[in-house]
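1. model the following, please.
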Amino acid sequence: MNSATDDFASGTDDLGLAFADHRDYLRVERGLSGNTLQAYQSDLRRYEKFLRSNHVVSPKAIEPELVRGFAESLSDEGLSAKSIARSLSSIRSFHRFALREDLIDVDPTKGVSTPRIGLALPKALERDEVVALIEGITGGDALSLRDRALLEILYSTGARISEVAGLDTGDCDLDERSLRVTGKGGKERYVPLGAPAVGAVDRYLALGRPALLESWTGERVQSALFLNARGGRLTRQGLWKIVKSRAVQAGMADELSPHVFRHSCATHMLEGGADIRAVQEMLGHASLSTTQVYTKVTTGHIHDVYLQSHPRARSGTRP
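-> Numbers count the residues shown, from 1 in each chain. The predicted structure follows:
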C-alpha cells in the first residue's frame, strides 16, 4: 500500500466508511496510478473536512446546496476554475459510486455546474437588488427579524457563511458598530457594521432571538447569535435555505447563495472607491490576488463612469 494515498483521515461513521470504500474502489477496481489516486484523495479529504464542519455524518445527508457551498469555498480560497473543476470531478466520482452502492438515493451533484475554465468572475447583485431583497423582509415575527438581520450582516460585512453561522452574541458590539469574525485557522478579525445592519441586529436581539430561544431544550445556555426555529444554532445549510427562500419571495429566481452577498459587498465597496487592501483585510483574504478578482468585476462600472463623466469620452473628434 502507498502510505501517501492511504492516509485518509475518515471516521468510522457512515460518511467515513463511504469514503474508505470509494478509495478501495479507485485503487482496486479502477486500478488508478499512485499519482492519480493521490489527487483524488487530496480533493476528497478536503471535501470530507468541509462536510464534517457542517455536521454531516452520512452520505444521505449531503444536499446540492452543500456541494455548491463547497465549490464556493474553494473559489473563496483563491483556487482556479481548473482546480475547482477537478475537485468537482472527484466529488462526482464519489457520489456516482455511492449511488451505485445504494449508499445514497439521489446524486446531490446533479445540477451543480462546473466552472468554466478561465477567469470565473464572481456574481454580484445590483445595489437596488440588494435593497429590494433585504427591505422586502418586513414582518415583526421572530423569523423575519432574524432573516433581515442575517441578510444585513452578510451584505454589510462580506463575511463567509460559515463565519456568520459561527457567530455568538458576544461577537457583536453594536455600540462600536463592529463584529468579531472567526475565520479560517481560528484567525479573528473585526469588521464594521453599517447602520442598517446595527438596527436590524438590535431589533432581532431584543425581540426575535428571545422568542426563538424559548424553543431551546438543550442543557446549556445557547450562545449562538442566529438560531433556528427550534432555538438551536443555525447551521450553514440552514442559512443557505433562508437566503434561497427569501430570494424566491423577492422574485429573484436565479441561483442566489449567501456567497453572492460576499461578492456584492466587495464589488460595491471597490466601486465606491475603497482601498483594495482594506477590502482584503475585511474579507479575510490571505492573498491580495484573491481580492484583485473583484477589480476586474468593476471594470464595466469604471467604463460607464468614464463615458458619463469625461467631456470627450463620446466625441468622435480628436483633440
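2. could you use CA atoms for every contact and neighbour count after this?
-> Fine.
3. quick check: phi and psi on R189?
-> The phi/psi pair for R189 (degrees, to the nearest 10) reads phi -150, psi 150.
4. distance between the ends of stretch 223-243?
-> 22 Å (Cα to Cα, to the nearest Å).
5. so where is this structure shaky, pLDDT-wise?
-> Residues of the chain meeting the criterion pLDDT under 70: 1-11, 115-122, 219-221, 253-255, 289-319.
6. run the last query once more with 50
-> Per-residue confidence of the chain (counting by pLDDT under 50) places the weak regions at 1-9, 117, 119, 316-319.
7. how about the strands in it?
-> For the chain, strands defined by DSSP state E occupy the ranges 172-173, 178-182, 188-192.
8. pick the most buried one from these.
-> Among the strands of the chain, judged by mean count of other Cα atoms under 10 Å, the one packed with the most neighbours on average is strand 178-182 (a mean of 20).
9. centre of the chain to that one, how far?
-> Distance, stretch centre to chain centre, for strand 178-182: 17 Å (Cα atoms, centre = their mean, to the nearest Å).
10. repeat for stretch 61-70
-> Here stretch 61-70 is found 11 Å from its chain centre; the criterion is Cα atoms, centre = their mean.
11. flag every buried residue along it.
-> Buried residues in stretch 61-70, counted by 16 or more other Cα atoms under 10 Å: I62, E65, L66, V67, R68, G69, F70.
12. so what does the residue nearest to the fifth one when sequence neighbours are not counted have for phi and psi?
-> Right, the one you point to is R68. The shortest distance from R68 to any non-neighbouring residue, by Cα to Cα, 6 or more residues apart in numbering, is to V112 (6.5 Å). The phi/psi pair for V112 (degrees, to the nearest 10) reads phi -90, psi 120.
13. thought V112 was touching L66?
-> No - using Cα atoms under 8 Å as the test, V112 is too far from L66 to be in contact (10.2 Å).
14. which neighbours do these two have in common?
-> Common neighbours of V112 and L66, counting by Cα atoms under 8 Å, 6 or more residues apart in numbering, are absent.
15. which residues sit in contact with the residue nearest to R68?
-> Going by Cα under 8 Å, 6+ apart, V112 touches P64, V67, R68.
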